[in-house]
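Q: missing the sequence, but the structure's below:
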């Protein structure tokens, strides 16, 4: 069953590119079952790092030093932590990978029936599975 939508609609959210990416991730995760495997490819290394390798630091500072909205990031992290399905965050660069669409289509089809390739790293926190390129996330 999909997660309930967080109350960001009543929150005055400044839609910067990073806020827009974080909101898109949040709404996507809220629209699918918590047990479903999902791979999210982002252009922003900053957002991937913020949710993984730099997560603990940003949470310690209550997201004050982050360029994204505090309530948005707290909501996104909360939804990520509740997930039981495999969540993969990756970065990509437009224009550098000519067959990115074909690979994305193949990844989507493979995610339905196969576990992720061995080159990805996993962390299991409270039964959730969170994967990041080659960096492990720290979830407290």
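A: Cool, the structure landed. Nothing here was measured: the structure is a model prediction, and the numbers come from that model. Numbering: from 1, shown residues only.
Q: Quick check: the gap between the nearest residue to residue 79 once chain neighbours are set aside and residue 12.
A: Counting by CB to CB, 6 or more residues apart in numbering, residue 79 lies nearest to residue 29, which is 4.9 Å off, once chain neighbours are set aside. C-betas here are computed from N, CA, C, even on glycine. From residue 29 over to residue 12 the distance is 22 Å, taken as CB to CB, to the nearest Å.
Q: Tell me where the model's unsure across the chain.
A: The model of the chain has pLDDT under 70 over residues 1-11, 93-101, 103-105, 107-140.
Q: just the helices in it please.
A: Remark: helices assigned in the chain by DSSP state H are 17-31, 45-50, 55-60, 70-82, 100-113.
Q: Turn these into TSV, columns for distance to residue 88 and mean neighbour count.
A: TSV is the format used below for these (distance: least, CB to CB, whole Å; neighbours: other CB atoms under 10 Å):
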stretch	distance to residue 88	mean neighbour count
helix 17-31	12	17
helix 45-50	10	19
helix 55-60	16	15
helix 70-82	12	18
helix 100-113	8	12
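Q: Mind checking those for the one nearest to residue 92?
A: Nearest to residue 92, of all the helices of the chain, is helix 100-113, at 6.1 Å by CB to CB.
Q: Indicate which one of the helices of the chain is closest to residue 37.
A: helix 100-113 (5.2 Å).
Q: can you pull the contacts of the residue lying closest to residue 13 once chain neighbours are set aside?
A: Leaving aside its chain neighbours, residue 13 sits nearest to residue 69 (5.6 Å; criterion: CB to CB, 6+ apart). Shown in contact with residue 69 (CB atoms under 8 Å, 6 or more residues apart in numbering): 11, 13, 14, 19, 22.
Q: if we can go back for a sec, need the helices of the chain in TSV (columns: distance to residue 39).
A: Output for the helices of the chain, formatted as TSV (distance: least, CB to CB, whole Å):
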stretch	distance to residue 39
helix 17-31	11
helix 45-50	12
helix 55-60	19
helix 70-82	14
helix 100-113	6
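Q: sorry, back to before: if I pick the residue nearest to residue 79, what's in contact with it?
A: 3, 38, 76, 79, 80, 83, 87.
Q: ok, 10 Å please
A: 2, 3, 36, 38, 40, 76, 79, 80, 82, 83, 85, 87 (CB atoms under 10 Å, 6 or more residues apart in numbering).
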